[in-house]
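Novice: Sequence first, predicted coordinates after that:
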Amino acid sequence: MHTFPLLRYGLLLVLMASPALARDEAEKLTIRTLKVPAHPGQEAPSIYVSWQVVTALRFEKEVDPEKTKFLAWEGRFETPLVGGKKVVLEPLRDLDDGEALPLLVTLVDGTEFTFLVKPKRREDWGWIDYQVNVFKDHDSYNAILSSLYDSLNRERKLSEENERFKKEENSVDHAYATLLANGQVKKTPFRRAKFWRSKNEDMDMIVEVFSGPGKAAAVIHLTNTYYGEPWKFDGAYLTRDFTSYTARPFALRMDRPVIVPGQSGKIAVVVDKSAFETEGGQFADLALQIFRGDGLLQVAVAMDHTLIRQ
């Protein structure tokens, strides 16, 4: 695990991801409806959890605390909190890939549920369960209402995403990012201001930071030298303090979201002057974070407000 300190001229690289630098998962915390199988012989439904996130299971009837427990959980979870119709799970650490811990929940009327508690899925659609509303009676009023809210939520998110994609298609910043990702720097107004190159046992990296009129940009070149699993892009964030509370907008383009061993890829980001502005009219430096497929930080680049040319 290698990290480089923040350099005087504003470039920070993290080459090997660290659990301490795990991505803020707030945008993937999910409330969902779970209708349990009608037949006991079917596979137990899954619950997805993550360290530092509390997951609540909500049932139609009160839960029996004496008959609700993990069947194997030593060192992985706090003792489940049971109260009324809820069971609260709190991991002591992130579960390893492939772990699936059986959880038995028994209601006061004797109804039993078995769940498999697993780590967040690594696929692009992966999530962490924040609250799961569990129903055995699929046709009950509350089950139908909960499913309706789920559908409306999904529809709203898809609508917002489609609207964002439409805006991006016509965005000047996204056009610049596309040119940078394609290696056509000369067709943009940017001038390279900083350059950093490094390598370790599984990734060769080059980071270029650009200055522009009213804008700044960065291009991250990644070469996967690890002859194992492919490297996958999981997300990018631009913030003042490495938290989602100060997230700022930016344009991003990449030539490939998955980099197989021996292959190279580029990620280009363009940041408008307005992203650096604070509420008081001053300018603040920003940090660009790129996360890999397991949700950990791959690289961070300091974007200094002095990159903006007037």
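Specialist: Ah, there it is.
Novice: which stretches of the chain have low pLDDT?
Specialist: By pLDDT under 70, the low-scoring segments of the chain are 1-29, 37-42, 121-126, 137-170, 310.
Novice: domain ranges for it?
Specialist: Residue ranges for the domains of the chain, per automatic domain parsing: 19-23+171-309, 26-167.
Novice: Most tightly packed of the ones you listed?
Specialist: domain 19-23+171-309 (a mean of 18; mean count of other Cβ atoms under 10 Å). Where C-beta positions appear, they are placed from N, C-alpha and C, glycine not excepted.
Novice: ok, the most far-flung residue of the chain relative to its centre to N133 distance?
Specialist: Centroid-distance maximum for the chain: D109 at 39.1 Å, with Cα atoms, centre = their mean. Separation of D109 from N133 (Cβ to Cβ, to the nearest Å): 18 Å.
Novice: Kindly report the same for L222.
Specialist: Distance from L222 to N133, by Cβ to Cβ: 40 Å.
Novice: now T243
Specialist: From T243 over to N133 (counting by Cβ to Cβ), the distance is 29 Å.
Novice: again, but for W73
Specialist: 23 Å.
Novice: what about the helices in the stretch 101-250 of the chain?
Specialist: Under the criterion DSSP state H, counting those that start in this stretch, helices of the stretch 101-250 of the chain are mapped to 141-169, 172-181.
Novice: Give me the residues contacting the shortest one.
Specialist: In this case it means helix 172-181. The contact list for helix 172-181 (Cβ atoms under 8 Å, 6 or more residues apart in numbering) reads 168, 185, 187-190, 210, 215, 217, 219, 250-255, 266-272.
Novice: ok, so what distance separates E90 from G214?
Specialist: E90 is 47 Å from G214, by Cβ to Cβ.
Novice: let me redo that: P102
Specialist: Noted for P102: a distance of 57 Å to G214, by Cβ to Cβ.
Novice: Run the chain-centre distance for stretch 238-255.
Specialist: 12 Å (Cα atoms, centre = their mean, to the nearest Å).
Novice: try stretch 183-202
Specialist: 25 Å.
Novice: Likewise for stretch 47-55?
Specialist: In terms of Cα atoms, centre = their mean, the centre of stretch 47-55 is found 14 Å from the chain centre.
Novice: Straight-line length of that stretch, end to end?
Specialist: 9 Å (Cα to Cα, to the nearest Å).
Novice: can you check stretch 98-107 too?
Specialist: Start-to-end, stretch 98-107 (Cα to Cα) is 28 Å.
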